[in-house]
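[1] I need the structure of the sequence given here:
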Amino acid sequence: MERVSATRQTRPELVASDVDGTLIDPYERVSARTRAAVAALVADGVPFVLATGRPPRWIAPVVAGLGFAPLCVCGNGAVLYDAGTDKVLGASVLDVETLAWVADIAEKVLPGCGLAAERIGASAHDAATPQFVSSPQYEHAWLNPDDTAVARDEVIDTPAIKMLIRLPGARSGDMEVTLAAHIGDRADITYSTEHGLIEISAPGVTKASGLRTLGERLGVDPAYMVAFGDMPNDIPMLRMVGLGVAMGHAHPDALAAADEITGTNSEDGVAQVLERWWPGEE
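    Residues are numbered from 1 along each chain as shown. Below is the predicted model of the structure:
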């Protein structure tokens, strides 16, 4: 029998979901309805994957909310992580030369910005690796208790899964356009908030590339996947899969990239779609 790509009616062979603004509600919780819908698809043998900008060390609360430990695409596609075994399965990093080059350009075209870097060890809690380091000029866009403050040059002296560039008061979309004009395809730029924060990855590294690699491990072609997201860092993934679903409150660019729009994260938008194939609890 001929297989059909994932559509609004066809049962997917893999489901991937962004975390913040998508899977979890505004209070950072997995609702009972969403948890039940995800549990139903997992019980049916369909892989459920987290595809997030979060590093592996920030996955544990989501695991607790779901009630099981999924495979994860972390760091906007740079890291494949097995939450069940707490092992990093693979990582794509920015080399030191590229980090230094991007940092110099960013400080010229985005004056006043601060720099930070996300690094990766063998596990989510590898104590031997300071996993997040930031320069004195860096102001966080959200609470980050894991930060290690270092000199500016120390931020860029070790390969990183992503560089973060923060300019308080700016719009992230404007920052992306400004920096992209200078770095071209030497690195990948995205953002998951409009609050003056852009994230830099190795060239070609996106949630789509990470999910594609994970799909190869599991024997699932992207055409048979469903993915959920709400921000520009989700766009490559939404475009790649057979059915890309944007949340009702999503960024306009994510809405435009999606095949379908569901409810907001406060309305259990992920569960609304999954219940077509795996009814959960209302």
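
[2] quick one, helices of the chain?
    32-43, 60-66, 96-109, 152-155, 172-183, 207-218, 235-240, 252-257, 269-274 (DSSP state H).

[3] any chance of those helices in JSON lines, with distance to residue 165, mean pLDDT and mean neighbour count too?
    In this view, the C-beta of every residue, glycine as well, is placed from N, C-alpha and C. Below are the helices of the chain laid out as JSON lines (distance: least, C-beta to C-beta, whole Å; pLDDT from 0 to 100; neighbours: other C-beta atoms under 10 Å):
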{"stretch": "helix 32-43", "distance to residue 165": "32", "mean pLDDT": "97", "mean neighbour count": "19"}
{"stretch": "helix 60-66", "distance to residue 165": "26", "mean pLDDT": "97", "mean neighbour count": "17"}
{"stretch": "helix 96-109", "distance to residue 165": "5", "mean pLDDT": "98", "mean neighbour count": "17"}
{"stretch": "helix 152-155", "distance to residue 165": "11", "mean pLDDT": "96", "mean neighbour count": "16"}
{"stretch": "helix 172-183", "distance to residue 165": "7", "mean pLDDT": "98", "mean neighbour count": "17"}
{"stretch": "helix 207-218", "distance to residue 165": "19", "mean pLDDT": "98", "mean neighbour count": "20"}
{"stretch": "helix 235-240", "distance to residue 165": "19", "mean pLDDT": "98", "mean neighbour count": "24"}
{"stretch": "helix 252-257", "distance to residue 165": "19", "mean pLDDT": "98", "mean neighbour count": "16"}
{"stretch": "helix 269-274", "distance to residue 165": "30", "mean pLDDT": "98", "mean neighbour count": "24"}
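
[4] turn these into JSON lines, including distance to residue 164.
    Listed next are those as JSON lines, based on distance: least, C-beta to C-beta, whole Å:
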{"stretch": "helix 32-43", "distance to residue 164": "28"}
{"stretch": "helix 60-66", "distance to residue 164": "20"}
{"stretch": "helix 96-109", "distance to residue 164": "10"}
{"stretch": "helix 152-155", "distance to residue 164": "9"}
{"stretch": "helix 172-183", "distance to residue 164": "11"}
{"stretch": "helix 207-218", "distance to residue 164": "16"}
{"stretch": "helix 235-240", "distance to residue 164": "19"}
{"stretch": "helix 252-257", "distance to residue 164": "20"}
{"stretch": "helix 269-274", "distance to residue 164": "27"}
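
[5] now for these, which one comes closest to residue 90?
    Closest of these to residue 90 is helix 207-218, at 7.1 Å (criterion: C-beta to C-beta).
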